[in-house]
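S.K.: Structure here, sequence nowhere to be found:
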């Protein structure tokens, strides 16, 4: 490889952690700087759905997200033993079934299940929904567990992790800026997109795969974290604050969960919260290269899916100069 | 030219800004549509805290007239509060007034609509009410101070097209001088063309473009259909008839049958 570099990474969310881990393992000397004193306290990463669902995402994302996302799953598989690889399911109430047809048309690799096949995978859903789309290659993680795991791996890889530091690093060969929405001062076209989620405990519900419930107004996803914990989320709201979940949002999310399985009526609500994800106007991730300073940002709702791929791409660029033209941006005007 | 509250517009297509896969696709769709008016729905909490400004900034960059929308309001009071915030945020007195009666069908609450339209018109708003084809509600809205009416074609997002065409025809005939805009339920360009052929002044749509496989191409398709429908209305359509009416004269043919029994 080329010369090992002294690299300072700003921001220890999902993007910064993967950059730090990948670059340290490739022999660079890495410092990871995080503004908050406690890990993840000011990050949107803990609020992620953390579904690694590149095929489902293509319903509303461009093909490049699927292509990069497939690589993302492979990188998670190689790095993280906690990865859950049971595929994902998409269902809809009977009267909105045309939405299922549209979803299948807009995505690749769906298997159409009848009620029996659905019941074989998820006994609680089979009788009620009668049909589903199944994406066998997809995966998911518990975002909190995965973040803590990555932080541990980063430290094991010899990265100097400094919490409570928000200064622009001096003396490094290269700074990699992974600050998410906080980088808006330098990247004016960046905007925040709010996502809300509720964590519930429902030990009697045995759903094992992430479920997307399609609905014209209240779309929902349910992600099982194991041990009876479930995350209920959905929203992509064009707002930039991470303030508390409104009663209306909570009602929408919880009613949708109840539609998915009425047994959620007995679930305990453990946490409600919101995070603000960074996005560029085309909702595509970018690696913006300036002299001695590189931004990795705009991962939008695909942070967990794409962060390992962005790290691979950037590490490859530092070694060989190779760029993925759909992601790399050299012109500062493109910010 | 389309005239709404003293403003003139060349395009007769109004486009909603929700549900696109990205702001970039939205921008391309608006450009392809040629729309000069775009609607923006406000969620009250973000309006109050001004935290949606990054997105609104992108909307304003489109260079269109912004028509704020009180989408999702279930009472006249909510809708009025949202309209006030919209006026402050976007610096416009225009508001698309939506008061929803029923969360399932999203049909307008005509009573709440008239109530809110009366108050807002008195406060200087230029109200574009989302209503049904009901004529008495339409008269109340005009009396309340509205000078534009926006009846649905069918429920919001249903893509069913003009499900009560007869009533929409009556409405057009009943209010010949009021700008009438079809708002909601349009699924395909042929629906939009049909509305324009009836003599409606414009069409407002969102889902049919935003959720198309290719929103930009669909925006262009709607723009052409709306223009075609308008031209057809201006040109004057021939009336349908039960018998074939040959375009070549039949005078001089030896056997000219009156009945069609044989």
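M.R.: Looks like it arrived, so ask away. Keep in mind the model is a prediction, meaning the values are calculated, not measured. Numbers count the residues shown, from 1 in each chain, chains lettered A, B, ... in the order given.
S.K.: any idea how far chain B is from residue A:268?
M.R.: Separation of residue A:268 from chain B (C-beta to the nearest C-beta, to the nearest Å) stands at 26 Å. (C-beta placed from N, C-alpha, C; glycine too.)
S.K.: That residue against residue A:201, yeah?
M.R.: Yes - using C-beta atoms under 8 Å, residue A:268 makes contact with residue A:201 at a distance of 4.6 Å.
S.K.: is it fair to say residue B:63 lies in a strand?
M.R.: No - assessed with DSSP: H, G, I helix; E, B strand; the rest coil, residue B:63 is coil; it does not lie in a strand.
S.K.: In contact with it: list those residues for me.
M.R.: Counting by C-beta atoms under 8 Å, 6 or more residues apart in numbering or on different chains, residue B:63 touches no other residue.
S.K.: Give the residue from residue A:268 and residue A:201 that has the larger number of neighbours.
M.R.: More neighbours surround residue A:201 than the other of residue A:268 and residue A:201, with 15 against 11 (other C-beta atoms under 10 Å in any protein chain shown).
S.K.: Look up how far chain B lies from that one.
M.R.: Distance from residue A:201 to chain B, by C-beta to the nearest C-beta: 28 Å.
S.K.: List the beta-bridge partners for that residue.
M.R.: On the basis of DSSP bridges, residue A:201 is bridged to residue A:229, residue A:268.
S.K.: Next one, pLDDT for it please.
M.R.: Note for residue A:201: predicted pLDDT of 95.
S.K.: if I read this right, it contacts residue A:226, doesn't it?
M.R.: No - Residue A:201 sits out of contact with residue A:226 when judged by C-beta under 8 Å, with a separation of 11.4 Å.
S.K.: Distance of residue A:67 relative to residue B:117?
M.R.: Distance, residue A:67 to residue B:117, using C-beta to C-beta, to the nearest Å: 50 Å.
S.K.: err, residue A:58, not the other one
M.R.: From residue A:58 to residue B:117 the distance is 43 Å (C-beta to C-beta).
S.K.: More neighbours: the two, which one.
M.R.: The residue with more neighbours, out of residue A:58 and residue B:117 and counting by other C-beta under 10 Å, is residue B:117; that gives 29 against 20.
S.K.: Setting the sequence-adjacent residues aside, check what's closest to the more buried one.
M.R.: The shortest distance from residue B:117 to any non-neighbouring residue, by C-beta to C-beta, 6 or more residues apart in numbering or on different chains, is to residue B:144 (4.3 Å).
S.K.: Please report how far that neighbour lies from chain A.
M.R.: Distance, residue B:144 to chain A, by C-beta to the nearest C-beta: 28 Å.
S.K.: measure that residue to residue B:79 for me?
M.R.: Following C-beta to C-beta, the distance that separates residue B:144 from residue B:79 is 13 Å.
S.K.: Also residue A:303?
M.R.: Applying C-beta to C-beta, the value for residue A:303 to residue B:79 is 36 Å.
S.K.: So those two - more neighbours on which side?
M.R.: residue B:79 (29 against 26).
S.K.: wait, isn't that one in contact with residue B:112?
M.R.: Yes - look at residue B:79 against residue B:112 with C-beta under 8 Å: they come within range, at 7.2 Å.
S.K.: Touching both of the two, which residues are there?
M.R.: Joint contacts of residue B:79 and residue B:112 (C-beta under 8 Å, 6+ apart) are residue B:99.
S.K.: how close does the residue of the stretch 101-250 of chain B found nearest chain A get to residue A:100?
M.R.: For the stretch 101-250 of chain B and chain A, the shortest gap (C-beta to the nearest C-beta) falls at residue B:157, measuring 5.5 Å. Per C-beta to C-beta, residue B:157 is found 16 Å from residue A:100.
S.K.: before we move on, what about residue A:178?
M.R.: 37 Å.
S.K.: Next, count neighbours for residue A:202.
M.R.: Other residues near residue A:202 come to 19 when the count uses other C-beta under 10 Å.
S.K.: How about residue B:103?
M.R.: 10.
S.K.: tell me which element the closest residue to it other than its chain neighbours is part of?
M.R.: Nearest non-adjacent residue to residue B:103, counting by C-beta to C-beta, 6+ apart: residue B:74, 7.5 Å away. According to DSSP states H and E, residue B:74 maps onto no helix or strand at all.
S.K.: right, and residue B:74 touches residue B:99 too?
M.R.: Yes - with contacts counted by C-beta under 8 Å, residue B:74 reaches residue B:99, the gap being 7.2 Å.
S.K.: Between the two, which is the more surrounded one?
M.R.: Neighbour totals were compared for residue B:74 and residue B:99, and residue B:99 leads with 26 against 15 (other C-beta under 10 Å).
S.K.: Hmm, that one is touching residue B:108, no?
M.R.: Yes - between residue B:99 and residue B:108 there is a contact under C-beta under 8 Å: 6.3 Å.
S.K.: check contacts around residue B:188.
M.R.: By C-beta under 8 Å, 6+ apart, the contact set of residue B:188 is B:159, B:161, B:208.
S.K.: Rank these by pLDDT and give me only the lowest.
M.R.: pLDDT across the contacts of residue B:188 is lowest for residue B:159, at 87.
S.K.: Return the residue spatially closest to that residue, with its sequence-adjacent residues excluded.
M.R.: Leaving aside its sequence neighbours, residue B:159 sits nearest to residue B:187 (C-beta to C-beta, 6+ apart; 2.8 Å).
S.K.: Contact partners for that neighbour?
M.R.: By C-beta under 8 Å, 6+ apart, residue B:187 lies in contact with B:158-161, B:208.
S.K.: Kindly report the same for residue A:134.
M.R.: A:87-89, A:110-113, A:117-118, A:121.
S.K.: Fine by me, we can end here.
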